[in-house]
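Q: heads up, no residue letters with this:
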């Protein structure tokens, strides 16, 4: 069955780099898109960026050049890397799958990984 | 960026009640609007895509409508499992943005 699982650190130091891996199963990264969405504690959802099925990427400009998304299709993994972390980057980070037709919703989500940025 | 304003931010309601959640975009989004439900344990699932299409497996008591800048999600008769957070999301243009959320609470 379709599954997405995020793995990453619980705690990251201020100004350091966050690395999270989304490992998927039950589908191929070449036939679905994968998105990253985050949610600060008690707040709403924020779209961060996408890895398209063809290998291209799209980023929310709010993250400027801090954010990088990549993948390893052989391992069914999508990677999020974000540098210069600040305390307001404390959030739960989700990866989510999207079908290829335009307008398809994010139909499967990981359980998320909670990351705290500490000074 | 397109701003999505959801109202109300919280809504007390009773079992069996009909409720409507609204979502207004800062500009027209051509019906490119999805709705999601987030349960208290954090699990997120899609409910409605492209304004009014029911996601597979979602009960028919959920429905969506709207056009231009104004959209809504309606639950025709609340069940216990419907008490959760709800988010709208536009995908007319990047960055794809979510509404601030509506917390549906048991009255």
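A: Good, I have the coordinates. Note that the structure is a prediction, hence the values are computed from the model and not measured. Residues are numbered from 1 along each chain as shown, chains lettered A, B, ... in the order given.
Q: who in chain B is up against chain A?
A: Contact residues, chain B versus chain A (C-beta under 8 Å from any C-beta of the partner chain): B:1, B:32, B:34, B:36, B:38, B:42-46, B:48-50, B:55, B:87, B:89, B:91, B:94-101. For every residue, glycine as well, the C-beta is placed using N, CA and C.
Q: what helix or strand is the residue positioned nearest the centre of chain B on?
A: Nearest to the geometric centre of chain B sits residue B:35, at 4.1 Å (C-alpha atoms, centre = their mean). Secondary-structure assignment from DSSP states H and E places residue B:35 in strand B:33-38.
Q: any of the residues of chain B next to chain A buried? List them.
A: B:32, B:34, B:36, B:38, B:44-46, B:48-50, B:55, B:87, B:89, B:91, B:95-101 (16 or more other C-beta atoms under 10 Å in any protein chain shown).
Q: mind listing residues that contact stretch A:56-66?
A: For stretch A:56-66, contacts defined as C-beta atoms under 8 Å, 6 or more residues apart in numbering or on different chains pick out A:46-52, A:67, A:69-70, A:82-84, B:1, B:94-95.
Q: for the nearest residue to residue A:98 once chain neighbours are set aside, phi and psi?
A: Leaving aside its sequence neighbours, residue A:98 sits nearest to residue A:33 (C-beta to C-beta, 6 or more residues apart in numbering or on different chains; 4.3 Å). The phi/psi pair for residue A:33 (degrees, to the nearest 10) reads phi -90, psi 150.
Q: my read is that residue A:33 contacts residue A:101, right?
A: No. Residue A:33 sits out of contact with residue A:101 when judged by C-beta atoms under 8 Å, with a separation of 10.5 Å.
Q: with neighbour numbers in mind, choose between the two.
A: residue A:33 (20 against 8; other C-beta atoms under 10 Å in any protein chain shown).
Q: wait, what's in contact with the more buried one?
A: When contacts are counted by C-beta under 8 Å, 6+ apart, residue A:33 touches A:50-53, A:97-100.
Q: among these, which two are most distant?
A: Within the contacts of residue A:33, two members stand farthest from each other by C-beta to C-beta: A:51 and A:99, at 14.1 Å.
Q: out of the two, which sits in the busier spot?
A: Taking neighbours as other C-beta under 10 Å, residue A:51 and residue A:99 compare with residue A:51 leading, 23 against 17.
Q: show me what that one bridges to in the sheet.
A: Following DSSP bridges, residue A:51 is listed with bridge partners residue A:34, residue A:57.
Q: what is the neighbour count of residue B:80?
A: A count of nearby residues for residue B:80, using other C-beta under 10 Å, gives 7.
Q: and for residue B:60?
A: 7.
Q: excluding chain neighbours, what is closest to it?
A: residue B:54 (6.8 Å).
Q: distance of that neighbour relative to chain A?
A: Distance, residue B:54 to chain A, using C-beta to the nearest C-beta, to the nearest Å: 11 Å.
Q: give me every residue that touches that residue.
A: B:47-48, B:60, B:62-63.
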